[in-house]
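Participant: here's my sequence, what's the structure:
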Amino acid sequence: RRRTRDDGRGDGKRTIEAMSTSGQSGTALQSRRSLYVGGLADAATESTLRAALIPFGPVKNLDVPMDYAKGTHKGFAFVEYEDADDAAEAIYNLDGAELLGRTLVVNLAQNHQAKLGSARPVWSTDEWFREQVTGEKGAAEAREKEKTDAADASALKE
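Facilitator: Presented below is the predicted three-dimensional model:
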C-alpha cells in the first residue's frame, strides 16, 4: 500500500510513502529512519549529540556504544528518527558538518555485516584443541618441522 502526504514545501506537491500491507512500517532500518553518526569527538556527550540532532525532527532513540575498558564512547552513534524525512534532512545537513572540532559522517545505518571467515569459531580446527591440551603454541607446526628436519637429515646421510 501507499499513502500520500503534503511534503511541507508549500508548493502543493505530495510525497508518496510506501507502507507494508499491515499498515505499519517495517523495522527502523527498512524504513530508512535509523542513521549512523561517526567521527564523534571524545568530548561529545549524548546530550550534545541529541542537541545537534533534534533540529531535524523528534529523535525516537539515540544509542552511543561505550568502550567500557576506556570509559568513553567508541566514536560513533546510532540515531532513530520518528519520520524518514527527518532522517533524510539530518543526513543532508550533518554529513560533513563539524561538531566539537571533528567532521561528522552521517548516513543510513546498515545491518551488521559479518566479514568473511569471522563467523568461524577458533575451536573449529583440531590445532586449537591441541594447543589448549598441550599448552604449546603451534604444536602441529613444531611436529611438522621435526618431520621435515628428520627427512632432510636422512636425505643428507644418503
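Participant: helices along the chain, start to end?
Facilitator: Along the chain, counting by DSSP state H, helices occupy 46-53, 84-94, 126-134, 139-157.
Participant: low pLDDT regions in this structure?
Facilitator: Applying pLDDT under 70 to the chain picks out residues 1-31, 112-124, 128, 134-142, 158.
Participant: hey, where'd the strands end up in it?
Facilitator: Remark: strands assigned in the chain by DSSP state E are 2-6, 14-18, 34-38, 59-63, 66-67, 72-73, 76-81, 98-99, 102-103, 105-108.
Participant: could these go into a markdown table alongside distance to residue 131 and mean neighbour count?
Facilitator: Where C-beta positions appear, they are placed from N, C-alpha and C, glycine not excepted. Shown next, in a markdown table, are the strands of the chain (distance: least, Cβ to Cβ, whole Å; neighbours: other Cβ atoms under 10 Å):
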| stretch | distance to residue 131 | mean neighbour count |
| --- | --- | --- |
| strand 2-6 | 59 | 10 |
| strand 14-18 | 53 | 12 |
| strand 34-38 | 37 | 20 |
| strand 59-63 | 38 | 14 |
| strand 66-67 | 29 | 10 |
| strand 72-73 | 35 | 16 |
| strand 76-81 | 35 | 21 |
| strand 98-99 | 46 | 14 |
| strand 102-103 | 42 | 14 |
| strand 105-108 | 40 | 16 |
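Participant: residue 148 is nearest to which of the ones you listed?
Facilitator: strand 66-67 (44.7 Å; Cβ to Cβ).
Participant: neighbours of the closest residue to residue 90 other than its chain neighbours, just the number please.
Facilitator: Nearest non-adjacent residue to residue 90, counting by Cβ to Cβ, 6 or more residues apart in numbering: residue 56, 4.2 Å away. Residue 56 has 21 neighbouring residues, counting by other Cβ atoms under 10 Å.
Participant: tell me which of the helices of the chain is the most buried.
Facilitator: helix 84-94 (a mean of 18; mean count of other Cβ atoms under 10 Å).
Participant: report the angle between that one and strand 76-81.
Facilitator: Orientation check (axes from the mean of the first three to the mean of the last three Cα atoms, to 10 degrees): helix 84-94 against strand 76-81 gives 140 degrees.
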